[in-house]
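**Student:** model this:
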Amino acid sequence: MQIPVIDLQPYLEFIGKFPIADKDEFDSNLKSLCSEVSRTLKETGALLIKDPRCSAEDNDRFLDMMEKFFEMPHDFKRRQERPHLHYQVGVTPEGVEVPRSLVDEEMQEKLKAMPKEFQPLTPTGPDPKWRYMWRIGPRPLSTRFKELNSEPVIPEGFPEWKDTMDSWGYKMISAIEAVAEMAAVGFGLQKDAFTSLMKQGPHLLAPTGSDLRSHGQIGTVFAGYHYDLNFLTIHGRSRFPGLSIWLRNGQKMDVKVPVGCLLIQTGKQIEWLTGGDCIAGMHEVVVTGRTIDAIKLASEQKRSLWRVSSTLFAHIASDAVLKPLGHFEDSPLACKYPPLCAGEYVEKELAVINLKGSEGGA
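**Tutor:** Next up, the predicted model:
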């Protein structure tokens, strides 16, 4: 099965002309496109999109800057670290993030029951990848979750940092908002059912950096089997392949993102809001044969051997309540998703994967 590529152009043109139009005013083609978005997210946990506002050149500019940052000395990078803020801004060094599959016994049992060819690789410890967290969009003036809405960290010697991060981040958030509206319509909800809850959410542009010089051996696990705790995750195309996802039917699939496209993945918060109808997508990042081929080519062309992912986590607002929306309230699984403040949910998840910092899970 291949993940379809959805061109957002028709939807963006319609909304540009009729910004307050709701699903009842969509023509049959647009409704069909929205249904394809929701069906694909439900069946695969992922979606490939083409957004005319997000170009391959934008992605390249961002990757170039992040490669330059991750190539800086270890001590320089560690100066951008904020463990007391749960690593939710600044840099997270390699060896800090713990893959869920390493600490979740229930998940481990499920993995053992998988057919051998679909089982993820077993990580031996924390992920050997770096990450940089940069907040995107306004934060609430008043919130119970201040550490999830902290001020950004700007590294010295990167005058283009803020503009590059903000520009790419805002473009990807715009793409997520369009997909969230289309998915809502496809799921039979009001167009703004999801986006109204995203306002002033703790959205994070969170690129990862993996050093393929040190960790470029086949089978190296950069991001162990896990789901994302947020609403939807979006990535630009990486220069080195390695991402695999698991479809709803349990099948494992390598992801190939075409040039100029973006990849969207479902997180735990959309699972909550749909009462389990759309589940959080499982995925891992591992050095594969295709990664090795890309390393050889990059070496020949004297390019960086840091694998950067231009990842953005779109969140439901910290003070908003997660609960099944609309008709999903009546779904048979709704009882598994009791009302819960989004910020509380995020803090519980961060504690499990070791990003709560020195506060010891407070």
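**Student:** end-to-end on stretch 84-100?
**Tutor:** Counting by CA to CA, to the nearest Å, you get 21 Å between the two ends of stretch 84-100.
**Student:** For it, give the mean pLDDT please.
**Tutor:** What stretch 84-100 shows for mean pLDDT is 85.
**Student:** Could you do stretch 5-21 as well?
**Tutor:** 94.
**Student:** Identify all contacting residues around that stretch.
**Tutor:** Contacts with stretch 5-21, where a contact means CB atoms under 8 Å, 6 or more residues apart in numbering, come from 25-26, 29-30, 33-34, 36-37, 40, 47-53, 175, 178-179, 181-182, 191, 258, 261. To be clear about C-beta, it is placed using only N, CA and C from the backbone, and glycine gets the same treatment.
**Student:** Could you work out the end-to-end span of stretch 326-334 for me?
**Tutor:** The separation between the terminal residues of stretch 326-334, taken as CA to CA, is 11 Å.
**Student:** what comes up buried for that stretch?
**Tutor:** For stretch 326-334, the neighbour count (16 or more other CB atoms under 10 Å) marks 328, 334 as buried.
**Student:** same question, stretch 190-200
**Tutor:** By neighbour count, with 16+ other CB under 10 Å as the criterion, the buried positions of stretch 190-200 are 190-195, 197-198, 200.
**Student:** Span of it from start to end?
**Tutor:** For stretch 190-200, the end-to-end distance is 20 Å (CA to CA).
**Student:** hmm, back to that, buried ones among the contacts of stretch 5-21?
**Tutor:** Burial by neighbour count, 16+ other CB under 10 Å: within these this picks out 26, 30, 33-34, 37, 40, 47-49, 51, 175, 178-179, 181-182, 191, 261.
**Student:** Inside helices: which ones of these?
**Tutor:** Secondary-structure check on those using DSSP state H: residues within helices are 30, 33-34, 37, 40, 175, 178-179, 181-182.
**Student:** check contacts around the closest residue in space to Asp228 that isn't next to it in sequence.
**Tutor:** Counting by CB to CB, 6 or more residues apart in numbering, Gly267 is the residue found nearest to Asp228 once chain neighbours are left out, at 3.9 Å. Taking CB under 8 Å, 6+ apart as the definition of contact, the neighbours of Gly267 are 227-233, 280-281, 313.
**Student:** same thing but at 10 Å, please
**Tutor:** By CB atoms under 10 Å, 6 or more residues apart in numbering, Gly267 lies in contact with 45, 227-233, 280-281, 313-316.
**Student:** and those residues, which of them are in strands?
**Tutor:** Among the contacts of Gly267, the members found in strands (DSSP state E) are 232-233, 313-314.
**Student:** Out of the residues you listed, who's the most crowded?
**Tutor:** Going through the ones in strands among the contacts of Gly267 with other CB atoms under 10 Å as the criterion, the one with the most neighbours is Ala314, at 30 neighbours.
**Student:** Next one: the nearest residue to that one once chain neighbours are set aside, what pLDDT does it get?
**Tutor:** If you skip the residues right next to it in sequence, Ala314 has Ile176 as its closest partner in space, 4.5 Å away by CB to CB, 6+ apart. According to the prediction, Ile176 has pLDDT 98.
**Student:** roughly how far apart are Ile176 and Asn59?
**Tutor:** Relative to Asn59, Ile176 is positioned 15 Å away (CB to CB, to the nearest Å).
**Student:** Then Pro128?
**Tutor:** When distances are taken as CB to CB, Pro128 and Asn59 turn out to be 24 Å apart.
**Student:** Can you identify each of the helices in the stretch 101-250 of the chain by residue range?
**Tutor:** Taking DSSP state H, counting those that start in this stretch as the test, the helices found in the stretch 101-250 of the chain are 105-113, 161-186, 195-198, 212-215.
**Student:** Compare those and report which one is nearest to Tyr337.
**Tutor:** Of all those, helix 195-198 sits nearest to Tyr337, with 14.2 Å by CB to CB.
**Student:** export that closest one as CSV, just CAs?
**Tutor:** Output of helix 195-198 as CSV, limited to C-alpha atoms (Å, rounded to 0.1, in the frame of the first residue of the first chain):
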residue,chain,number,x,y,z
THR,A,195,-8.4,23.9,14.9
SER,A,196,-10.4,25.8,17.5
LEU,A,197,-8.7,23.6,20.2
MET,A,198,-5.2,24.2,18.6
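**Student:** Which strand residues bridge the residue positioned nearest the centre of the chain?
**Tutor:** The chain has Thr233 as the residue nearest its centroid, 2.5 Å off, counting by CA atoms, centre = their mean. Taking DSSP bridges as the rule, Thr233 bridges to Gln265, Phe313.
**Student:** Brilliant, that's me finished.
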